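Visitor: mind looking at a prediction? Sequence and model below.
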Amino acid sequence: MAHSNSTRHGAAQPASEHFDYLRLIRLPCSLVLAFALLPASAAVAGPDSAALRADELVERVLTENAGLAALRAAVQSAESRIEPAGALPDPRLRITTAPRTFDGFTTPAGQERGISGVIELSQELPWPGTLSLRADAARRDAAAIGDGVMAMRLRLAAETQKQYAQWAYVHRALEINEANQELVDELRRVAENRYAAGLVRQQDVLQAEVELQRLKKQALAFRQHQDAVRARLNGLLNRDANQTLAPPASLPEPGPVPSYAVLRGQALSRHPELAGLEQRIAADQAQESLAKKAFYPDLTLIARNNDYRPSSETRSELGLSINLPLDRSKRRAELDAARADTLRTRYELENTRARLLADLEAARTATVRGSQTIDLYQNALIPRTRENLSAARAEYGSGGGAFLDVITAEQQKLNAELELERARADYFAARAELERWTGGKLPTSGASHASASQVPHE
């Protein structure tokens, strides 16, 4: 009897709902079975075991980037010019002869002579201190180019980390999009079953279908963005744009941010852009001193053997020649130009220092605000959107809510999850910029975690 009652009760249910219940029962069982059959290595490896880490990518870019390699070659070129700049000019050898002496000749004194001529050796000696100033100017120029290499390393590291943040964001966005597609597809099946049972309107099914297609279009946009980021990363790696890249590891959680005073002191003391301009000022000052040396004559030592002289005692000669810097207006103009170059570089240093500190403060503010945003999404907004979706689904399942409320709750949850991942990427990029303007890794002293109520330096 009990069996017949249960049979009659089951017959009263719509076939579509009965099939849906069986499918819902089988799905968790299938997931459990699939997880049980996973290889042990996959369970142990973890999600980030084969993932590309940001520090690894930065090291690869700094090794492979062609622009950085070109600048390193420029440093080698500049360093190779230091020694020649401080070296003496090559000595000069001058040989002259009289063609009519080739067959010999007789002097007025009756002496028989053969081929005769003059052999002269000379060595230019710049005014004392000139060579050392030239070498110092070349050394300062090479040091400035070397600081340019360090500045480019910082720029490339920051750019690589920003692109890596986009790489991580777009992967997480696709995962979130896929999960929401599965959720909406499940909601669509539920709406279809309820529509088949005559419990809801067809509009519920259509709303689910529209939302599913919207998510698919969003996935296409994410994949397009993924291709663009891959191309930019391959460009930094000096590779073909379409070469594959490993998926990213998870972005790190926000860490402590040093105070503005600590960061400012570190940036002013060690940032290579400032150091490079200081080296250029020193090089300009050396050029200015060289312009002052131009008011003094250069010396030339001369040793000559004049075979035309009849007496051997008078054939050997020693001499000294100097240039006469009579055109002082020309040299004053050169000195004025050198002083103007020094002044220009000083102004450039002041401008770069002001810009660097402004960028430093902007990057620190973005880093602190990014940390606060992540905290807000993680601890407040995301849990609320999930609760809202659960409540909307429960109310719709009980027949008391509208399907549009479920779709709206799903969209709010999707947007919140995507905005959280965007906030993570923005935080990672802002911290990379902060390291760039600080001149390297952030100091640990004077660092504190940003709370939701903390206001950055203003």
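Guide: Everything's here; your move.

Visitor: all contacts plus neighbour counts: C-alpha atoms, from now on.
Guide: Will do.

Visitor: got any ranges where the stretch 351-458 of the chain has weak pLDDT?
Guide: 445-458 (pLDDT under 70).

Visitor: quick one, what contacts residue 195?
Guide: Shown in contact with residue 195 (C-alpha atoms under 8 Å, 6 or more residues apart in numbering): 201, 202, 205.

Visitor: of these, which belong to helices?
Guide: Mapping those onto helices (DSSP state H) picks out 202, 205.

Visitor: give me the number of residues near residue 124?
Guide: By the criterion of other C-alpha atoms under 10 Å, residue 124 has 18 neighbours.

Visitor: against residue 137, how distant is it?
Guide: For residue 124, the distance to residue 137 equals 21 Å [C-alpha to C-alpha, to the nearest Å].

Visitor: now swap in residue 127 and tell me
Guide: From residue 127 across to residue 137, the span is 16 Å (C-alpha to C-alpha).

Visitor: mind checking which of the two has more residues around it?
Guide: residue 137 (27 against 15).

Visitor: and the strands in this protein?
Guide: 92-97, 105-106, 112-113, 117-125, 257-258, 299-306, 316-322, 447-448 (DSSP state E).

Visitor: looking at those strands, which is buried most?
Guide: strand 257-258 (a mean of 22; mean count of other C-alpha atoms under 10 Å).

Visitor: partners of it, with directions?
Guide: As defined by DSSP bridges, the strand partners of strand 257-258 come to strand 447-448 (antiparallel).

Visitor: pull the contacting residues for residue 156.
Guide: Residue 156 touches 58, 61, 62, 236, counting by C-alpha under 8 Å, 6+ apart.

Visitor: how about residue 164?
Guide: 54, 233, 248.

Visitor: low-confidence stretches in the stretch 51-200 of the chain?
Guide: Using pLDDT under 70, the flagged stretches of the stretch 51-200 of the chain are 105-113.

Visitor: tell me which stretches of the protein form helices.
Guide: Using DSSP H, helices in the chain cover 2-12, 15-36, 40-45, 54-64, 66-80, 82-85, 130-196, 202-236, 260-270, 272-293, 328-376, 382-397, 403-438.

Visitor: could those helices go into CSV alongside distance to residue 118?
Guide: What follows is the helices of the chain, written out as CSV (distance: least, C-alpha to C-alpha, whole Å):
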stretch, distance to residue 118
helix 2-12, 128
helix 15-36, 100
helix 40-45, 87
helix 54-64, 59
helix 66-80, 38
helix 82-85, 31
helix 130-196, 31
helix 202-236, 64
helix 260-270, 60
helix 272-293, 34
helix 328-376, 35
helix 382-397, 97
helix 403-438, 66
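
Visitor: please identify which of the ones you listed is closest to residue 317.
Guide: helix 130-196 (27.7 Å; C-alpha to C-alpha).

Visitor: quick one, the closest one and strand 117-125 angle?
Guide: 60 degrees (axes from the mean of the first three to the mean of the last three C-alpha atoms, to 10 degrees).

Visitor: how far is helix 130-196 from where the chain is centred?
Guide: Mean C-alpha position of helix 130-196 versus that of the full chain (C-alpha atoms, centre = their mean, to the nearest Å) differs by 8 Å.

Visitor: and stretch 336-353, by the same measure?
Guide: 27 Å.

Visitor: what does it contact?
Guide: 268, 273, 274, 277, 278, 280, 281, 284, 285, 287, 288, 291.

Visitor: could I get the buried residue list for that stretch?
Guide: 338, 339, 341, 342, 345, 346, 349, 353 (16 or more other C-alpha atoms under 10 Å).

Visitor: among the contacts of stretch 336-353, which two are most distant?
Guide: 268 and 291, at 31.2 Å, using C-alpha to C-alpha across the contacts of stretch 336-353.

Visitor: ok, the two, which is more surrounded?
Guide: More crowded of residue 268 and residue 291, by other C-alpha under 10 Å: residue 291, with 21 against 18.

Visitor: tell me the contacts of that one?
Guide: Counted by C-alpha under 8 Å, 6+ apart, residue 291 has contacts 331, 334, 335, 338.

Visitor: mind putting these into CSV with pLDDT?
Guide: Shown next, in CSV, are those (pLDDT from 0 to 100):
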residue, pLDDT
331, 94
334, 95
335, 96
338, 97
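
Visitor: for the residues you listed, which one is nearest residue 379?
Guide: residue 338 (61.0 Å).

Visitor: by neighbours, which of the contacts of residue 164 wins?
Guide: Going by other C-alpha under 10 Å, residue 233 tops the contacts of residue 164 with 25 neighbours.

Visitor: isn't that one up against residue 161?
Guide: No. Using C-alpha atoms under 8 Å, residue 233 is not in contact with residue 161, being 9.8 Å away.

Visitor: circling back to that earlier point, now the strands of the chain as CSV including distance to residue 82?
Guide: Shown next, in CSV, are these (distance: least, C-alpha to C-alpha, whole Å):
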stretch, distance to residue 82
strand 92-97, 23
strand 105-106, 52
strand 112-113, 50
strand 117-125, 18
strand 257-258, 40
strand 299-306, 23
strand 316-322, 26
strand 447-448, 43
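
Visitor: can you tell which of those is closest to residue 415?
Guide: Per C-alpha to C-alpha, nearest to residue 415 of those: strand 257-258, 27.8 Å.

Visitor: hmm, back to that, out of the contacts of residue 156, who's the most crowded?
Guide: residue 236 (24 neighbours).

Visitor: let me know the pLDDT of it.
Guide: Note on residue 236: pLDDT of 94.

Visitor: separation between residue 370 and residue 260?
Guide: According to C-alpha to C-alpha, residue 370 and residue 260 sit 16 Å apart.

Visitor: likewise residue 195?
Guide: 61 Å.

Visitor: one more: residue 266?
Guide: 10 Å.

Visitor: got it, and residue 354?
Guide: In terms of C-alpha to C-alpha, residue 354 sits 14 Å off from residue 260.

Visitor: between the two, which has more neighbouring residues?
Guide: Legend: neighbour count by other C-alpha under 10 Å for residue 354 and residue 260, higher for residue 260 (19 against 12).

Visitor: my read: that one touches residue 363, true?
Guide: No. Counting by C-alpha under 8 Å, residue 260 does not reach residue 363; the two are 10.5 Å apart.

Visitor: and of the contacts of residue 195, the nearest to residue 50?
Guide: Closest to residue 50, out of all of those and judged by C-alpha to C-alpha, is residue 205, at 40.7 Å.

Visitor: and for the closest one, the neighbour number?
Guide: 20.

Visitor: please apply the same query to the one 10 residues further on.
Guide: Here the number of neighbours of residue 215 (other C-alpha under 10 Å) works out to 19.

Visitor: need the contact list for it.
Guide: Counted by C-alpha under 8 Å, 6+ apart, residue 215 has contacts 177, 180, 181.

Visitor: residue contacts, the nearest residue to the second one once chain neighbours are set aside?
Guide: In space, residue 180 comes closest to residue 414 once its chain neighbours are excluded; the distance is 7.0 Å by C-alpha to C-alpha, 6 or more residues apart in numbering. Residue 414 is in contact with 176, 177, 180, counting by C-alpha under 8 Å, 6+ apart.
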